[in-house]
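**Q** Please work out how this folds:
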Amino acid sequence: MNYIKVKYKILFIVVFLIAVITRVILWPTLLEANIDEAMTAINASSITDTGKDMYGVSFPVYLETWKYGGQSVMLAYLTAFCIKLFGMSMFSVRLPMLLVSLISIIVFYDFTKRIFKDKKIALLAMFLLSITPWHILQSKWSIDCNMFPHFALFSMYFLYRGITEKKLYLYISMIFFGLSMYTYGVSIYFVPLFLLISAIYLLIKKKINIKELIICILIYMLIFTPLFIMYLINFLKIDKQINLGIFTITYFSEQTRTNDMLLFSSNILSQLLKNIISLLSIIFLQYDNLPWNATSIFGTTYHISIIFIIISLINYFRKKENNIGIKLFVLWFILSLFVGIFINETNINRLNIIWYPLIFFTLYGLLICFKNKQTLIIILYAILFISYNIFFYTSYYKEINRSVCFGNGLKEGYEFLSNYNNSKYYLNFDNTIQFKTYIKFHNEIFNQNVLEKTSIEELDKDSIYIIKSSDIDKINVSGFTKIIYGEYIYGEYIILKSH
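**A** Now for the predicted structure:
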């Protein structure tokens, strides 16, 4: 008996080490910084230093960022905490996503162990999640929306334990459901509806009573209310800033995020068809033409997994499985489809709420097909996992770095500039917020001194200039060497250095 316990402990450690090693090899600098990642870092750094975001708003409940778009605040505040502890670096910027991703692997293990009452199945679940391309890739860099599926998992885990064990866990789940609202804007379409349906079901099945429901609502609303007010004043177009203690609720006059949602489309029926096609494409092809989300060769959960997902769902609805844990994942999956339909032409990171259910149903389908032959499952997915890593570290990461929203040579440009510490560096990129944010981010990482100069009539021989390619013909560059480092969001950029 003790031998069996020791065996499972060793297997648990081995699988978790596989997960950790896979995610920390050449982390955090293998992938260049993404523009959204840079914006989060700049806001987090500003909050760390001043208690205000880059626009001077005190502890906002939602970030303004680009003036026309926005970001949820959870990742920024976690990043601010890491910057406070370790200073501004790629390590601090990417640490929150890595840690939360690793915690999610342990939670997924314990969740499946409680659902199936079987440690062997739980270890298999942990192994599958540890080697899943989507989970590996999103843990290597940081973007606000990718916090959402993890916080949803934590919420579901405690909800399940609250239903099947102590009611205390039920209330803890409400804390996480409330916090999940601050991870990604799409949560407003998923979480309230999930909680409403769950509450009705649990009341009917007498899993909870009215008193417990009221306590749950109060906990959830206590956490969610500041963000709810933000959504309300922006929906009603009430141009007013509200202060709740140190926190600030802001009206965003130039927000365009509603353009991404079906209900705000000019032609809803036409857009609905496009959204359904996009949703099905994401699920079945596991690819969205965005290299930082997935590769077409391996997909998000490996292409073969779709077979087991279909088998598991057919089996569930045919047998009417009564396991409450499986029912939670089914509801999670169905509402993820609903979210996917209401996001205009969704992509993998916008639909990130669906991947945990699909990984769970991959596990469920494998158990149906292979039953006790788990060694075959491990061999099959181990081959896919090894192949994915060989592909990732030989060529795939380079494809991501060349992507339009990643550095695409800018990091190399800064490494070049680092050899000229006594020079002044001038940025000539008009009012492009994206590029200036990225430059500011790299200033802090590389300790450079890039000065903004919106117009350059005469070049100083002792200075180095970062020039937009479209502006190069307007400037007399005789005596300067042009060094081209690639293309970012708004075209090629050039570094000018005197001969």
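**Q** so where's the stretch 251-400 of the chain shaky on pLDDT?
**A** Flagging of the stretch 251-400 of the chain using pLDDT under 70 yields the residue ranges 255-259.
**Q** How are the strands of it distributed by residue range?
**A** With strands called from DSSP state E, counting those that start in this stretch, the stretch 251-400 of the chain shows none.
**Q** quick one: buried residues of stretch 321-337?
**A** With burial defined by 16 or more other C-beta atoms under 10 Å, the residues of stretch 321-337 counted as buried are 324-333, 335-337. No exception for glycine: its C-beta is placed from N, CA and C like everyone else's.
**Q** Just name the closest of the residues you listed to Arg350, please.
**A** Ser336 (11.2 Å; C-beta to C-beta).
**Q** Give me the distance between the closest one and Phe108.
**A** The spacing between Ser336 and Phe108, counted by C-beta to C-beta, to the nearest Å, is 16 Å.
**Q** now Leu203
**A** Leu203 sits 28 Å away from Phe108, going by C-beta to C-beta.
**Q** and the two? which has more neighbours close in?
**A** Neighbours per residue (other C-beta atoms under 10 Å) separate Leu203 from Phe108, with Phe108 holding more: 24 against 14.
**Q** from memory that one sits against Ala125, does it?
**A** Yes - contact between Phe108 and Ala125 holds when scored by C-beta atoms under 8 Å: they sit 6.0 Å apart.
**Q** export the buried residues of stretch 321-337 to CSV and tack on distance to Asp260?
**A** Converted to CSV, the buried residues of stretch 321-337 look like this (distance: C-beta to C-beta, whole Å):
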residue, distance to Asp260
Ile324, 34
Gly325, 32
Ile326, 32
Lys327, 30
Leu328, 28
Phe329, 26
Val330, 27
Leu331, 24
Trp332, 22
Phe333, 22
Leu335, 18
Ser336, 17
Leu337, 17
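**Q** Return the subset of the residues you listed lying in helices.
**A** Taking DSSP state H, the ones among the buried residues of stretch 321-337 that sit in helices are 324-333, 335-337.
**Q** right, and the pair among these with maximum separation?
**A** So for these, where distance means C-beta to C-beta, the most widely separated pair is Ile324 and Leu337, at 20.7 Å.
**Q** all helices for the stretch 301-450 of the chain, in order.
**A** Listed in chain order, the helices of the stretch 301-450 of the chain (DSSP state H, counting those that start in this stretch) span residues 305-319, 324-342, 355-370, 374-391, 397-401, 410-417, 433-446.
**Q** how about the ones you listed, which one is nearest Pro226?
**A** When these are compared by C-beta to C-beta, helix 324-342 sits nearest Pro226, at 22.6 Å.
**Q** angle of the closest one against helix 355-370?
**A** Counting by axes from the mean of the first three to the mean of the last three C-alpha atoms, to 10 degrees, helix 324-342 points 130 degrees away from the direction of helix 355-370.
**Q** okay, helix 324-342 in PDB with CA atoms only?
**A** Only the C-alpha atoms of helix 324-342 are listed here, as PDB (Å, rounded to 0.1, in the frame of the first residue of the first chain):
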ATOM      1  CA  ILE A 324     -22.000  16.700 -11.300                       C
ATOM      2  CA  GLY A 325     -18.400  17.500 -12.200                       C
ATOM      3  CA  ILE A 326     -18.900  16.300 -15.800                       C
ATOM      4  CA  LYS A 327     -22.100  18.400 -16.000                       C
ATOM      5  CA  LEU A 328     -20.100  21.500 -14.900                       C
ATOM      6  CA  PHE A 329     -17.700  20.900 -17.800                       C
ATOM      7  CA  VAL A 330     -20.600  20.300 -20.200                       C
ATOM      8  CA  LEU A 331     -22.200  23.600 -19.200                       C
ATOM      9  CA  TRP A 332     -18.800  25.300 -19.400                       C
ATOM     10  CA  PHE A 333     -18.400  24.000 -23.000                       C
ATOM     11  CA  ILE A 334     -21.900  25.000 -24.100                       C
ATOM     12  CA  LEU A 335     -21.600  28.500 -22.800                       C
ATOM     13  CA  SER A 336     -18.200  28.800 -24.400                       C
ATOM     14  CA  LEU A 337     -19.900  28.100 -27.800                       C
ATOM     15  CA  PHE A 338     -22.300  30.800 -26.900                       C
ATOM     16  CA  VAL A 339     -19.400  33.200 -26.200                       C
ATOM     17  CA  GLY A 340     -17.800  32.200 -29.500                       C
ATOM     18  CA  ILE A 341     -20.900  33.000 -31.500                       C
ATOM     19  CA  PHE A 342     -21.200  36.400 -29.900                       C
END
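**Q** what distance separates it from the middle of the whole chain?
**A** Relative to its chain's centre, helix 324-342 lies at 19 Å (C-alpha atoms, centre = their mean, to the nearest Å).
**Q** And stretch 144-152, by the same measure?
**A** Relative to the mean C-alpha coordinate of its chain, stretch 144-152 is positioned 6 Å out (C-alpha atoms, centre = their mean).
**Q** Restrict it to CA atoms and write it as CSV.
**A** Written as CSV, here are the backbone C-alpha positions of stretch 144-152 (Å, rounded to 0.1, in the frame of the first residue of the first chain):
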residue,chain,number,x,y,z
ASP,A,144,-4.5,39.9,-20.2
CYS,A,145,-7.2,37.7,-21.8
ASN,A,146,-5.3,34.5,-21.1
MET,A,147,-5.8,34.9,-17.3
PHE,A,148,-9.5,34.3,-17.9
PRO,A,149,-9.5,30.5,-18.5
HIS,A,150,-7.3,29.9,-15.4
PHE,A,151,-9.5,31.9,-13.1
ALA,A,152,-12.5,30.2,-14.6
